[in-house]
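# model this:
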Amino acid sequence: MPQVRIPRDARAWIEVDHAALAHNVREMLRVLSPRSALMAILKADAYGHGAASVAPTLSWSGASAFGVATIEEGIELRRAGIPQPILVLGYVQGRDSVHALAHWKLIPTVCSPGHARELADDLENLAERGLLSPASLPLEAHVKLDTGMSRLGLHWSEAGRFARCLREIELIRASGIYSHLAAADSPDASSLNEQRQRFEKAAAEMQSLGLSPCLLHLANSAATLADRSLHYDLVRVGIALYGIYPARHLTGRADLRPALAIRSRLSQVKDVPQGAGVSYGGAFVAPRRMRAAVVPIGYADGVPWTLSQRLEVIVRGRRLQQLGRITMDQLVVDLGPVPDARPGETVTLLGRDGAEAITVEDWARLLRTIPWEVLCLFKSRLPRVEVGVLEEKAGARTPARTIEGREPKAAHPGRHAARSRRRASVPAS
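Below is the predicted model:
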């Protein structure tokens with residue numbers, strides 16, 4: 001367990017390892033196609049790691065752009081001083097939102113011809129009222145195609161209509177075309193290949209109709225690890241940056257290191273007599289006299305109630321069993337393996353302590369969910385402690401791969417690495 005300075009009176013906290021984050025970025029760059037750049041996905045507060053605090057480390061380590069789900073997430077990054085291009089992956093609508101896009105130089109996702117016209121109408125209205133500077137127009141945008149996810153985006157078969165519409169809208173300039181893979185984490189690549197073919201066909205049609213230069217991007221973390229031919233101009237990497245493999249069969253494709261730990265302290269240590277119930281409802285009854293301790297963290301902090309009596313924690317490098325029901329702010333553990341443990345000692349709920357480690361994947365298996373959801377459990381009640389920041393800053397900066405003024409790969413069915421004659425640019429930020 002790393003030696004870190006934690007808030008003096010913190011009952012529980014999140015540790016974010018910046019050295020691990022930097023390592024993971026460099027590992028993903030190592031597997032990346034030489035002509036591709038990395039967009040770091042910082043949705044949901046960087047998957048619980050703290051977007052504004054980790055973005056500089058990701059940038060220092062080689063990330064060329066960032067992706068967020070909402071305008072508010074993008075504004076948070078701008079206020080934190082992040083200058084790189086920021087793509088808003090979610091749906092954007094409304095005049096105030098459009099004004100924020102232009103003011104903060106955020107790149108929206110455009111999902112359909114109707115959506116593009118709505119955004120253009122709002123831009124025109126704002127410009128007429130003098131609320132937009134001429135330098136903010138035309139607004140850069142990335143076009144989203146639905147190639148099989150049946151979620152956000154226009155159906156790929158209507159790509160030509162979409163391109164013709166965008167050519168007529170002067171206030172929006174499409175600088176990217178992308179789609180999202182529905183099953184990139186599956187060992188069976190049939191769905192992935194079908195979406196690849198649809199994406200390349202649709203993107204080639206849009207480019208032939210004048211929607212060029214445009215950056216192409218399709219790969220998420222799983223696709224980035226699985227197949228270099230899916231890398232195009234950009235890859236959108238999320239979960240892998242935080243040290244989690246998106247699928248078991250992709251383990252080892254890069255050397256990923258978990259960047260998040262959840263820790264607390266022992267508060268009260270006590271003897272529980274034989275036959276006494278522990279926590280609400282007496283769901284656990286002591287079969288013998290037991291040494292137990294209260295840990296001041298609960299489901300209000302992100303430890304799921306459904307892990308009750310299945311959760312393990314680590315103290316002094318030894319695994320301890322949690323007893324009874326997890327409550328809103330506290331839980332109880334069996335000190336049997338470390339009976340002389342004292343109040344104030346560190347408790348690891350997620351992370352490593354000595355030779356023992358409890359992983360996000362361990363919790364996901366117990367909860368019958370996915371690691372993505374586990375990382376999003378921990379909200380604002382827990383302070384974050386940054387680990388490895390000085391270590392990382394002492395190292396050499398990894399130059400980000402340029403994505404401005406590059407020659408993009410054209411999308412031609414069956415020709416994954418073909419180059420376009422047009423030059424692409426990512427909107428300046």
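
# give the contact list for V16.
V16 makes contacts with H49, G50, S53, V54, A259, L260, R384, V385, E386, V387, as judged by C-beta atoms under 8 Å, 6 or more residues apart in numbering. (Glycine included, C-beta is placed from N, CA and C.)

# now swap in I82 and tell me
A55, P56, S59, F66.

# then L38?
25, 28-29, 32, 62-65, 234-235, 237, 400-401.

# buried only: go through the residues you listed for me.
25, 28-29, 32, 62-65, 234-235, 237, 400-401 (16 or more other C-beta atoms under 10 Å).

# now the helices for the stretch 301-429 of the chain?
Here the stretch 301-429 of the chain has its helices, by DSSP state H, counting those that start in this stretch, at 360-367, 371-375, 389-393.

# in JSON lines, list those helices along with mean neighbour count.
Conversion of these to JSON lines gives the following (neighbours: other C-beta atoms under 10 Å):
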{"stretch": "helix 360-367", "mean neighbour count": "17"}
{"stretch": "helix 371-375", "mean neighbour count": "21"}
{"stretch": "helix 389-393", "mean neighbour count": "15"}
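
# what stretches of the chain score poorly on pLDDT?
For the chain, the stretches with pLDDT under 70 are 1-7, 390-396, 404-429.

# tell me the centre residue of it?
G238 (3.8 Å; C-alpha atoms, centre = their mean).

# looking at the chain, which helix is longest?
The helix that spans the most residues within the chain, counting by DSSP state H, is helix 190-208.

# mind splitting the protein into its structural domains?
Annotated domains of the chain cover 19-241, 260-358 [automatic domain parsing].

# so which of these is the most surrounded?
Comparing those by mean neighbour count (mean count of other C-beta atoms under 10 Å), domain 19-241 ranks first with a mean of 20.

# gap between that domain and the chain center?
14 Å (C-alpha atoms, centre = their mean, to the nearest Å).

# and stretch 254-266, by the same measure?
16 Å.

# right, and C214 touches A204 too?
No: if you go by C-beta atoms under 8 Å, C214 and A204 don't touch, sitting 10.9 Å apart.

# name the nearest residue to A400, ignoring sequence neighbours.
The shortest distance from A400 to any residue other than its chain neighbours is 4.2 Å, reached at S64 (C-beta to C-beta, 6 or more residues apart in numbering).

# for the one you found, phi and psi?
The phi and psi values for S64, taken as degrees, to the nearest 10, are phi -100, psi -20.

# ranges for the strands of the stretch 1-150 of the chain?
Applying DSSP state E, counting those that start in this stretch to the stretch 1-150 of the chain gives strands spanning 12-17, 37-41, 65-68, 86-88, 109-110, 139-146.
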